[in-house]
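Student: Structure, please.
(one chain, ligands or ions: 1)
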Amino acid sequence: MTPFESLGLKHDGRTLWVLDQTQLPDAEVWLDGSAPEDMIALIKRLAVRGAPLIGVAAAASLATCAARGASAAEYAAACAALRAARPTAVNLMWAMDRMKAATDPGAEAQAIFEEDVRLCEGMAQHGAALIQEGEGILTHCNTGGLATAGIGTALGVIRRAHEQGKRIHVFADETRPLLQGGRLTAWELSKLGIPSTLITDSMAALLLRDGKVQRVLVGSDRVAANGDFANKVGTYGLAVQARFHGVPFHPVAPFSTVDLACPTGAAIPIEERDPAEVRGHGRLRWAPEGMAAWNPSFDVTPVELVTSLVLDRGVYSAGQLRSGVLARVCG
Ligand SMILES: CSC[C@H]1O[C@H](OP(=O)(O)O)[C@H](O)[C@@H]1O
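Tutor: You can find the predicted model right below:
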């Protein structure tokens, strides 16, 4: 295996290491994700997370297992098990289908990694052109280098606009229940030196009402053929609020997040996670153990609430999306 490295993933040629995102920002702990069964556990508990990254990481783990002498049957079983690790982010299935057909798993995993780096650059280029000097930008969950092999999707767009010298201010939703925004986006924004403010999810509407936000940029885990898309729970509410206040709303995704086999958002499987994540647990439990809790990890935003979708290959309005442009540009 050829060594490669991103913010949250590195391969030294023999072992695949992943940064345990459940321990950020307090500790930077690297774990061995070489064995597919270990990678599956890491993906399920969101130690490894983010739609593009879970595809890249699963591919790298499968390639490592092949390099260590897995039989064809073991490889096929591991590929199927990795593919089923989480149900919503289609990047995982897209990467595993490529690996299943690969004649050289190491080269294919490397190609998937390097392609995602390039896709992030494409999103950043197209998306940063939308951002104007002095804008307040609201984002949800984590969509940066921790969620991809490159600079990110929505957060990569924000980073590129900052690097272009545009004076922007980022408002990051903490993103309950697992706080990907408050822990991970805050960590990335701090490392990048981008002016930002952390808010609770319930504060977003006030910022939109008071004119503090001129644009909303979010990631995606699966985009349906008509432009409906799934993203971290809370995204749909943000889209409604942005539309009410007349603020542009943009999902940002690589083409590997587009699923043309899903005609609309109704067909996107939504992961339901352990209610204990909502109740809190251990020292951070705040709800009674017996309290029922609902924990959909994603929600679906209809294309009607999208201003435009930023892909690695261009920016597409809601009208273009409804007219089937994704079949032409991603087919
Ligand atoms: C680069 S988009 C990442 C996407 O994945 C996140 O979900 P999770 O933290 O559960 O993996 C969230 O939906 C982000 O928008």
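
Student: which residue does this protein bring closest to the ligand?
Tutor: Distance from the ligand to each residue of the chain (Cβ to the nearest ligand atom) is smallest for G219, at 2.8 Å. C-beta here means a position set from N, CA and C on the backbone, and glycine is covered the same way.

Student: Find the residue closest to that residue in space, skipping its chain neighbours.
Tutor: T143 (3.6 Å; Cβ to Cβ, 6 or more residues apart in numbering).

Student: Same check on A205?
Tutor: A205 sits nearest to Q241 (Cβ to Cβ, 6+ apart), 4.8 Å away.

Student: backbone phi and psi for the residue of the chain closest to the ligand, please?
Tutor: Here is the backbone geometry of G219 (degrees, to the nearest 10): phi -90, psi -170.

Student: Could you do I137 as well?
Tutor: Given degrees, to the nearest 10, the pair of backbone angles that I137 has is phi -120, psi 130.

Student: how about it, what does it touch?
Tutor: By Cβ atoms under 8 Å, 6 or more residues apart in numbering, I137 lies in contact with I131, I158, I168, H169, V170, F171, V213, Q214, R215, V216, L217.

Student: From F229, how far out is it?
Tutor: 19 Å (Cβ to Cβ, to the nearest Å).

Student: repeat for A253
Tutor: Applying Cβ to Cβ to A253 and F229 gives a distance of 7 Å.

Student: So between those two, which is more surrounded?
Tutor: It is F229, of A253 and F229, that has more neighbours when counted by other Cβ atoms under 10 Å, with 33 against 28.

Student: Quick check: pLDDT value at that one.
Tutor: Here the pLDDT value assigned to F229 is 99.

Student: same check, this time on the one 10 residues further on
Tutor: The predicted structure scores A239 at 99 on the pLDDT scale.

Student: Please name the nearest non-neighbouring residue to it.
Tutor: L305 (3.9 Å).

Student: Cross-check the contact I'm expecting between the one you found and L238.
Tutor: No - using Cβ atoms under 8 Å as the test, L305 is too far from L238 to be in contact (9.2 Å).

Student: Name the residues contacting each of those two.
Tutor: In contact with both L305 and L238: F249, using Cβ under 8 Å, 6+ apart.

Student: higher neighbour count, those two?
Tutor: Neighbours per residue (other Cβ under 10 Å) separate L305 from L238, with L238 holding more: 27 against 19.

Student: so the more buried one makes contact with R215?
Tutor: No - L238 is not in contact with R215 according to Cβ under 8 Å; the separation is 11.7 Å.

Student: Name the residues contacting each of the two.
Tutor: Contacts common to L238 and R215, judged by Cβ under 8 Å, 6+ apart, are L138, F249.

Student: Next to the ligand, which bits of the stretch 201-331 of the chain? Give me the list.
Tutor: Within the stretch 201-331 of the chain, the positions adjacent to the ligand are G219, D221, N231, K232, S297 by Cβ under 6 Å from any ligand atom.

Student: returning to that earlier point: and the residue nearest to G219, what's its pLDDT?
Tutor: 99.

Student: Then S317?
Tutor: 98.

Student: Could you check how far it is from Y236?
Tutor: Distance from S317 to Y236, by Cβ to Cβ: 19 Å.

Student: So which of those two has more stuff around it?
Tutor: Shown here are S317 and Y236; by other Cβ under 10 Å, Y236 has more neighbours (18 against 15).
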